[in-house]
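Predicted structure and sequence below. I'll ask about it afterward.
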Amino acid sequence: MRYSAFRADEDGAAVVEFALVLPILLLIIWGIIEIRRAFYTINNAASSAREGARIGAVCALPLTLGVPQMEPWCVTNIRKGVVLSFQPLGTALDTSTDVKVFPPTGPVTGPITVRIDYPYEPLTPLDWRFTMTRSATFRYERGP
């Protein structure tokens, strides 16, 4: 008689089950949000690198001793274009260290490369920071 009375009393069972399932549910939801944020940021970085390479592909390069040199104002414009088009869900880019411009080194029609090194910091309290690197290379379109 006592066993059946004890078995029928389930008043707090739902609260205990919820307390056991809640941390796992929150971990899954938080992981989905963080992975979506990381993919958004890396896609945005790739798009911004392409935008910077497009700007650099039509910049004027003066020739110095047969080797093209990129003007400082052109590098500044490329970096500004990258920063304006890059809208992360986190900290902004530091143009002096995060955006690197590699001008053509050989012929005047050689490639120009823009690389973004973005220090990604997740929202989770875990310390798993890493650097997202994306680059774009375009053929230089302007002649001397």
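Structure received. None of the values given here were measured: they were computed from a predicted structure.

All the strands of this protein, residue numbers only.
For the chain, the strands defined by DSSP state E cover 63-64, 67-68, 99-102, 111-120, 130-139.

Which one of those strands lies nearest to residue 82?
When the strands of the chain are compared by CB to CB, strand 99-102 sits nearest residue 82, at 5.0 Å. Where C-beta positions appear, they are placed from N, C-alpha and C, glycine not excepted.

Packing partners of that closest one?
Packed against strand 99-102 by the contact rule (3 or more CB pairs under 8 Å, 6 or more residues apart in numbering; DSSP states H and E) you find helix 13-57, helix 72-85, strand 111-120.

Tell me which of the ones you listed lies nearest to residue 126.
helix 13-57 (9.5 Å).

Can you give the distance from the closest one to the centre of its chain?
12 Å (CA atoms, centre = their mean, to the nearest Å).

Now do that helix against strand 130-139, angle only.
With axes from the mean of the first three to the mean of the last three CA atoms, to 10 degrees defining the directions, helix 13-57 sits at 30 degrees from strand 130-139.
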